[in-house]
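Participant: using only what follows, build the 3D model:
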Amino acid sequence: MITTSHDRGGAGRTADGRSPHRPLWSDRFVGRDRQLECIGAGLQSAADGQPTTLVLSGTAGLGLSRLLAETRRRIDALAEPFAAVHGVALPATSGVPYAPVASALENLLAPLPDDTLATLLGPTGDAIARLVPSLRPRLEELDLLPVRPRMAATEWREARMFEAVLGVLERLGERQPVALLLEDLHHADAATRGLASFLARVTRGQRVMLVVTYQPDRLLRSDPLRATLSTLSNTPSVTSAELAPLDRTELSQLIEAIEGERPSSTTLLLVAERARGNPLVVEELLAARRELQGVSLAGALDRLVTARASLRSPECRRVLRLLSLAGSAVPMPMLLSMGAEFESRSPARPPRSSSAARHGDVLESDIAAGVAEALEHGFLIETFDRPEGPAVGNLGGPAGPVRGGRRDDGARQYSRQDREARSDSNRESGRADSPPPRAWMRRGTWWRPVRIGDWASGTS
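Facilitator: Next comes the predicted model:
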């Protein structure tokens, strides 16, 4: 099986308080055969010039993001290369028109050479410039923008934008089939929902497969996404698939992949009853069993997670407290500013570095070490507004991650080498919390805390 990009570890603490480097989650992709078959059939139809749409749904923790990560990896391994265009709707941008589409197109178009960019945009340069403002200076240099701005009535602007995005996908599909992945549509704005509905209903031979995902447990009765889903369900080219909880056999395979051995019947029964087929809860229960000696897995899940957090260093707990106050995704510069402001207003002395000597800016080093530890033990989710490489096949370079995160999505490919090198160095020096490499703090990386209630409420 194809492995994920995760290589984090943790177990019971050693005598000096450090956590041995042991895996806490599965690198093996388990289950979801029916959904992968649907995706494979859709990709084949798109390659044959029959556009299709697949709507994937699943409650939090069941692995929608992980399924899309597996889809991207299998797309990369296809004999006929596909262009994977991946956009993720985030809570922080839920009111920004076309936010996930704009981010995905920027990642697709920005690295392309000038001639390829001009061919893909065609006559839609002005619309794409409005959608992705960072491309405007380059499009002006290439004379891809009209001399005079085109004026259009308000009711026509949306239609022109829809046609512009479809035109780019059509021209890209002439070079290679396209898989457009729109993740977490429940966080998307009205314009993005309208665009998804438009792309699903228009079938004129474009070699494009559209995959959208959403979490039904996030939808209120009056949620506007329900109208979009109703429209999609009545479209002939649209199929739907729901992620169900893992069955007992799949749970056994997942536990074996994490633990390295087949689970006993007692362990399997206990985990199955507590997790109810939710793979994220399975991983959390096994992590708690390793890190918390003598713990009862029958306790409330949020208490188990809180107990695990209490084992972390002061640097890690400081990061978690700061992000819990933010309530949304936070970039590293803002996190550092929050830490400095909090310390300046607090009557108590700032916490001292507990696990390693710091160099340079102590606050920055502590925050970086806290972020690294929180990521390693699954307390933070990582997202990117600009990945290291474009999420495409072979047009502009190797495929790169658009979103990283907890083991639920398996997309943090960029930092595996950094973490492995850092872990090796730390083991040699005997220091567990050395500041991470500067790549951890580059522009475009955002942090947000895992919302335990999103996936624990149904099992506590």
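Participant: residue 172 contacts residue 180, correct?
Facilitator: No - if you go by CB atoms under 8 Å, residue 172 and residue 180 don't touch, sitting 9.6 Å apart. No exception for glycine: its C-beta is placed from N, CA and C like everyone else's.
Participant: any residues in contact with both of those two?
Facilitator: Residues touching both residue 172 and residue 180 (CB atoms under 8 Å, 6 or more residues apart in numbering) are residue 85.
Participant: other SSEs contacting the biggest helix by length in the chain?
Facilitator: Counting by DSSP state H, the longest helix found in the chain is helix 154-175. On a contact count with 3 or more CB pairs under 8 Å, 6 or more residues apart in numbering; DSSP states H and E, helix 154-175 meets strand 83-88, helix 99-109, helix 114-121, helix 125-131, strand 178-183, helix 190-201, strand 208-214.
Participant: what residues sit buried inside that helix?
Facilitator: 158, 161-162, 164-173, 175 (16 or more other CB atoms under 10 Å).
Participant: now render the residues you listed as a markdown table, adding pLDDT.
Facilitator: Listed next are the buried residues of helix 154-175 as a markdown table, based on pLDDT from 0 to 100:
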| residue | pLDDT |
| --- | --- |
| 158 | 87 |
| 161 | 92 |
| 162 | 94 |
| 164 | 93 |
| 165 | 94 |
| 166 | 94 |
| 167 | 94 |
| 168 | 93 |
| 169 | 94 |
| 170 | 94 |
| 171 | 93 |
| 172 | 93 |
| 173 | 93 |
| 175 | 91 |
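Participant: circling back to that earlier point, how about CSV for the helices and strands packed on helix 154-175, with mean neighbour count, mean pLDDT and distance to residue 340 added?
Facilitator: As requested, the helices and strands packed on helix 154-175 are exported to CSV (neighbours: other CB atoms under 10 Å; pLDDT from 0 to 100; distance: least, CB to CB, whole Å):
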stretch, mean neighbour count, mean pLDDT, distance to residue 340
strand 83-88, 26, 90, 30
helix 99-109, 24, 92, 29
helix 114-121, 16, 92, 41
helix 125-131, 21, 90, 36
strand 178-183, 25, 94, 34
helix 190-201, 20, 94, 35
strand 208-214, 25, 95, 38
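Participant: residue 187 is in contact with residue 94, correct?
Facilitator: Yes - with contact defined as CB under 8 Å, residue 94 reaches residue 187; the gap is 5.0 Å.
Participant: which one's more surrounded, those two?
Facilitator: Neighbours per residue (other CB atoms under 10 Å) separate residue 94 from residue 187, with residue 187 holding more: 20 against 16.
Participant: returning to that earlier point: now for the buried residues of helix 154-175, which pair is the farthest apart?
Facilitator: 158 and 175 (27.2 Å; CB to CB).
Participant: just the buried residues of helix 154-175 now: which is nearest residue 272?
Facilitator: Within the buried residues of helix 154-175, proximity to residue 272 (CB to CB) peaks at residue 169, which comes in at 42.8 Å.
Participant: for the closest one, give me its contacts.
Facilitator: Applying CB under 8 Å, 6+ apart, the residues near residue 169 are 85, 178, 180, 199, 206, 208.
Participant: now flag whichever of those residues is closest to residue 223.
Facilitator: Using CB to CB, the contacts of residue 169 come closest to residue 223 at residue 199, 20.5 Å.
Participant: what's the closest residue to residue 35 other than its chain neighbours in contact with, if anything?
Facilitator: Using CB to CB, 6 or more residues apart in numbering and skipping residues adjacent in sequence, the residue nearest residue 35 is residue 241, 5.0 Å away. Going by CB under 8 Å, 6+ apart, residue 241 touches 34-35, 38, 54-57.
Participant: is it true that residue 176 touches residue 85?
Facilitator: No - counting by CB under 8 Å, residue 176 stays clear of residue 85, with 11.4 Å between them.
Participant: residue 53: what secondary structure?
Facilitator: What DSSP: H, G, I helix; E, B strand; the rest coil gives for residue 53 is strand.
Participant: can you get me a residue count around it?
Facilitator: Residue 53 has 23 nearby residues by other CB under 10 Å.
Participant: who does it form a beta bridge with?
Facilitator: On the basis of DSSP bridges, residue 53 is bridged to residue 210, residue 238.
Participant: check contacts around it.
Facilitator: Residues near residue 53 by CB under 8 Å, 6+ apart: 42, 199-200, 209-212, 232, 235, 237-239.
Participant: okay, now the domains of the protein?
Facilitator: With domains defined by automatic domain parsing, the chain comprises 33-242, 248-309, 314-456.
Participant: with distance to residue 26 added, can I get these in CSV?
Facilitator: Output for those, formatted as CSV (distance: least, CB to CB, whole Å):
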stretch, distance to residue 26
domain 33-242, 10
domain 248-309, 4
domain 314-456, 8
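Participant: which of those sits closest to residue 27?
Facilitator: domain 248-309 (6.9 Å).
Participant: ends of that closest one, what's the gap?
Facilitator: Start-to-end span of domain 248-309 (CA to CA, to the nearest Å) is 29 Å.
Participant: residue 91 and residue 324, how far apart?
Facilitator: Distance of residue 91 to residue 324, computed by CB to CB, to the nearest Å: 15 Å.
Participant: more neighbours, the two?
Facilitator: Of the pair residue 91 and residue 324, residue 91 is the one with more neighbours under other CB under 10 Å, namely 14 against 10.
Participant: is it true that the more buried one touches residue 381?
Facilitator: No - counting by CB under 8 Å, residue 91 does not reach residue 381; the two are 11.2 Å apart.
Participant: circling back to that earlier point, tilt between the longest helix of the chain and strand 178-183?
Facilitator: 130 degrees (axes from the mean of the first three to the mean of the last three CA atoms, to 10 degrees).
Participant: that's all I had, so thanks and see you.
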